[in-house]
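[1] got a predicted structure here, sequence first:
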There are 2 protein chains.
Amino acid sequence: MNATVTTLTEVQDPKALVADMGVRARSAARTLAALSSAEKAKALKSAAAAIRADADAIKQANAIDMQRAADKGLSGAMLDRLKLDDDRIEGIASGIEAVAGLNDPVGEVISESERPNGLKMRRVRIPIGVIGIIYESRPNVTADAGVLCVMSGNAAILRGGSEAIESNRAIHAALTRGLAEGGVPADAVQLVPTTDRAAVGAMLTAAGLIDMIVPRGGKSLVERVQNEARVPVLAHLDGINHTYIDAAADPDMARAVAVNAKMRRTGVCGAMETLLIDTGYADPRQIIDALADAGCEVRGDAKAQALGAGIKAANDEDWDTEYLEPIVSVKFVDGVDDAIEHIAEHASGHTDAIITGDEATAEKFLKTVDSAIVMWNASSQFADGGEFGLGAEIGISTGRLHARGPVALEGLTTYKWVVYGTGQTRP
Amino acid sequence: MNATVTTLTEVQDPKALVADMGVRARSAARTLAALSSAEKAKALKSAAAAIRADADAIKQANAIDMQRAADKGLSGAMLDRLKLDDDRIEGIASGIEAVAGLNDPVGEVISESERPNGLKMRRVRIPIGVIGIIYESRPNVTADAGVLCVMSGNAAILRGGSEAIESNRAIHAALTRGLAEGGVPADAVQLVPTTDRAAVGAMLTAAGLIDMIVPRGGKSLVERVQNEARVPVLAHLDGINHTYIDAAADPDMARAVAVNAKMRRTGVCGAMETLLIDTGYADPRQIIDALADAGCEVRGDAKAQALGAGIKAANDEDWDTEYLEPIVSVKFVDGVDDAIEHIAEHASGHTDAIITGDEATAEKFLKTVDSAIVMWNASSQFADGGEFGLGAEIGISTGRLHARGPVALEGLTTYKWVVYGTGQTRP
């Protein structure tokens, strides 16, 4: 517990706190489930206006967080994540408006059939119910995740990082005021009022109160959530992503995609971490040089090392490492089957790509590689809800059930069966 | 551990056993995922033929189980569940052939789009991977669940009840021999070779090895699975199902549906357990008399008790009880809102029905009641994969994620994103 945060409830039992929030969230979720798309969109627009109206209050709250973080000696990168200025606050507001413009999946008829006895069956999309979001220093998640839940008819229980607590509270206050003006109950988006870490544990074990947990943050957070949760979790732990350069790849494309996949942004989960090169590929040196020229450290197997002086030896650990840095491991493989084998053993099921001009080879890769996203002739950096046309993203999932890859509104819904009869009884 | 089952591996560490089975299952799942629908259907037909060919061996094995069960003093109902005769073995074989004829969801394109940068996105259905089935005395589950997994491209790890071990082994031997003749690897359907209960615990915690657990059996089994599992579970614990008779219900329909919903079979999860009657309904006495005439014990609130001499008082526990017996609890409610309120508090999210001639009232009920199945003017006894047109059923889920209600082949699949590019890099 952060002793400097004196305004928070420190006495309440975290389990009781989360249970109370869960009951109120369930009740709000029932109200939300009955709202039309237009009503939800209107409430979101009102929330965006409230964020804009509260810009000064949000900046003041953020200044307290920033000062506290600086006093604690947080790194420049951490401070940058925490910081809110006019541009970022406008970004939050316009982000809310963008979500208001998204296609609402609730009510969609997924399938429909009629039985010989005249019973009509429909599967209809409905909200999941109550979503728990556990996140770290970026205060914009308070708004981003909150409105994605509301637009898909779900109540949200938000638990942000202690370092952003003042900013989160200011954003939350504006958000809920705006939503309430638009007819969404205040309990639809609740912020856990304590920075006590036990509250996270209480959320993770709140089966029946919280229907799904989405962790947003670094690996240690996601790991804790996945290990402790008794509630389903939507997340990815690692993005150990491979790009395989096939013998039939166009050299210019191979070079450009490899450099982009690794170096565009090295800290994102869609970044390539391992480059697999077919031993039959004509000019691997060119790709490796381009990566090195772009500032990337190259670690390779013996064949890769033979290509240049600057290439360090990759050890066993390298094939299972998500660097999130300008470092790449390079391995030569004997064709697509060998590449698929390596990926099956080492990938984290996030995003894996093949570069080839050969359609049959590509189709084999796309069919056999068992990751949430498989790509042909494209950079793995596209692994993102916005780039996939979802308009937003609550997270990227490498789990196998419910929703995989980038997840936005549809992944925040489930369905029910609606049966229309005329008095049928079962023989 | 059952000391009389001397042929089983008793020395192996259950965790190591399950881990080894899991690795082999994963490898078989990769082979299965690449098979066409026709190939899988052919293998299933070959498995059905093998079951028929082994009918005598299966009956002999079953006789050992039956004798052992009789010696142990198992109840008549338990013995009936365990028993295999020619009819039931033929039922298993023809059930396999029916699954072979089902529409294979693997490969189905769920959605498709093209981005402004030319990237084409597809979501394609794929098998989940490795499914663990934990079941009790009915040996037919060995075949039923095994072939549903294979037809949807999944490997299965089966753990049947110790009382059916000889029958399960005989069915499993025929099944895998037939599947192998049809080109499906032997490890695609594995039977846990020990009756050590620790093997169940090892399955439930085999995250990464087993992707989903389906328990098939009584409440204590499902409860243990849900409490201990670290792997996603597809199941329902209770079927506390309500039928609400609205003031605008047709009396003949109301009576017929209520009696069928309760009394057709009282031991199934789709049976009605609580009857809610609108205080505005004209002749409730007629429904209650019909239930009593059909042999049902009626427990009611004060208003219900006032209707007849044979009606016992329902206590608080009755509203939360799945009787699975010819007993019904009857409560009077003030219209559909009150009914919805009672259902929200007491239902288990399985199947809840409204009987009314008023469409607006029905739509309110169907929209607001948050159960896996909601019905209008139909008996809750229809809650079944076959009746829903799924052709089979691996189980009924009251969970909120992935799949709800009756689940067959589609619920045993997930999807991946397949991205087609022409060398796109992300700006």
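    Alright, I've got the coordinates.

[2] list the contacts for residue A:14?
    Listed by CB atoms under 8 Å, 6 or more residues apart in numbering or on different chains, the contact partners of residue A:14 are A:194, A:196, A:198, A:199, A:201, A:202. Placement of C-beta: from N, CA and C, glycine included.

[3] give me the distance between residue A:316 and residue A:301.
    Applying CB to CB, to the nearest Å, one obtains 11 Å for the distance of residue A:316 from residue A:301.

[4] ditto for residue A:365
    Counting by CB to CB, the gap from residue A:365 to residue A:301 is 20 Å.

[5] of the two, which one has the most company?
    Taking other CB atoms under 10 Å in any protein chain shown, residue A:365 and residue A:301 do not tie; residue A:365 has more neighbours (25 against 18).

[6] touching, the more buried one and residue A:355? I think so.
    No - Residue A:365 lies out of contact with residue A:355 (CB atoms under 8 Å); the separation is 10.0 Å.

[7] mutual contacts of the two, please.
    When contacts are counted by CB under 8 Å, 6+ apart, the set common to residue A:365 and residue A:355 consists of A:244, A:376.

[8] A helix includes residue A:418, no?
    No - according to DSSP: H, G, I helix; E, B strand; the rest coil, the state of residue A:418 is strand, so it is not within a helix.

[9] that one contacts residue B:365, correct?
    No - using CB under 8 Å, residue A:418 is not in contact with residue B:365, being 10.2 Å away.

[10] now for the two: what residues contact both?
    Common contacts of residue A:418 and residue B:365 (CB under 8 Å, 6+ apart): B:374, B:376.

[11] where does the stretch 251-400 of chain A get nearest to chain B, which residue?
    Going by CB to the nearest CB, chain B is nearest to residue A:378 of the stretch 251-400 of chain A, at 3.0 Å.

[12] residues touching the closest residue to that residue other than its chain neighbours, list them.
    In this structure, residue A:378 finds its nearest non-sequential neighbour in residue B:421, 3.0 Å apart by CB to CB, 6 or more residues apart in numbering or on different chains. If a contact means CB under 8 Å, 6+ apart, then residue B:421 has A:375, A:376, A:377, A:378, A:379, B:118, B:119, B:120 as its contacts.

[13] now do the phi/psi pair for the fourth one.
    Per-residue torsions, residue A:378: phi -150, psi 160 (degrees, to the nearest 10).

[14] ok, what's across the strand from it?
    Bridge pairing for residue A:378 (DSSP bridges) gives the partners residue B:424.

[15] residue contacts, residue A:28?
    Counting by CB under 8 Å, 6+ apart, residue A:28 touches A:155, A:184, A:185, A:186, A:187, A:188.

[16] residue A:79 and residue A:163: what is the separation?
    Looking at residue A:79 against residue A:163, where the rule is CB to CB, the gap reads 9 Å.

[17] er, residue A:300 actually
    Distance, residue A:300 to residue A:163, by CB to CB: 39 Å.

[18] quick check: next helix or strand after the longest helix along chain A?
    What stands out as the longest helix in chain A, according to DSSP state H, is helix A:14-33. Secondary structure here is assigned by DSSP states H and E; on that basis, the next helix or strand after helix A:14-33 toward the C-terminus is helix A:37-53.

[19] and the furthest pair within the contacts of residue B:421?
    With distance counted by CB to CB, no two of the contacts of residue B:421 lie farther apart than A:379 and B:120, which are 14.7 Å apart.

[20] compare these two (neighbour count), which wins?
    When neighbours are counted by other CB under 10 Å, residue A:379 comes out ahead of the other of residue A:379 and residue B:120, with 30 against 15.

[21] does that one touch residue B:426 like I think?
    Yes - Residue A:379 is in contact with residue B:426 according to CB under 8 Å; the separation is 5.3 Å.

[22] coming back round to it: can you say which of the contacts of residue A:28 are buried?
    Buried by 16 or more other CB atoms under 10 Å in any protein chain shown: A:155, A:184, A:185, A:187, A:188, out of those.

[23] I'd assumed the fourth one was in a strand, is it?
    This means residue A:187. No - using three-state DSSP, the secondary structure at residue A:187 is helix, not a strand.

[24] which residues of chain A fall in helices?
    A:14-33, A:37-53, A:55-71, A:76-82, A:86-100, A:140-151, A:165-181, A:198-204, A:219-228, A:251-263, A:284-293, A:302-305, A:335-346, A:359-368.

[25] most tightly surrounded among these?
    helix A:140-151 (a mean of 27; mean count of other CB atoms under 10 Å in any protein chain shown).

[26] and that helix, is it in reach of chain B?
    No - no part of helix A:140-151 sits near chain B under the criterion CB under 8 Å from any CB of the partner chain; the closest distance found is 14.1 Å.

[27] so what secondary structure elements neighbour that helix?
    helix A:37-53, helix A:86-100, strand A:130-135, strand A:155-159, helix A:165-181, strand A:189-191, strand A:212-216 (3 or more CB pairs under 8 Å, 6 or more residues apart in numbering or on different chains; DSSP states H and E).

[28] residues contacting residue A:201?
    Shown here is residue A:201, whose contacts under the criterion CB under 8 Å, 6+ apart are A:14, A:228.

[29] got the residues of the stretch 101-250 of chain A near chain B?
    Within the stretch 101-250 of chain A, the positions near chain B by CB under 8 Å from any CB are A:113, A:115, A:119, A:121, A:126, A:128, A:129, A:211, A:212, A:232, A:250.

[30] narrow those residues to those in strands?
    Taking DSSP state E as the definition of strands, those contribute A:113, A:121, A:126, A:212.

[31] so can I have a markdown table of these showing neighbour count and pLDDT?
    Output for these, formatted as a markdown table (neighbours: other CB atoms under 10 Å in any protein chain shown; pLDDT from 0 to 100):
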| residue | neighbour count | pLDDT |
| --- | --- | --- |
| A:113 | 12 | 96 |
| A:121 | 22 | 97 |
| A:126 | 23 | 97 |
| A:212 | 24 | 97 |
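
[32] where in the stretch 1-150 of chain A is pLDDT low?
    Scanning the stretch 1-150 of chain A for pLDDT under 70 picks out the ranges A:1-11.
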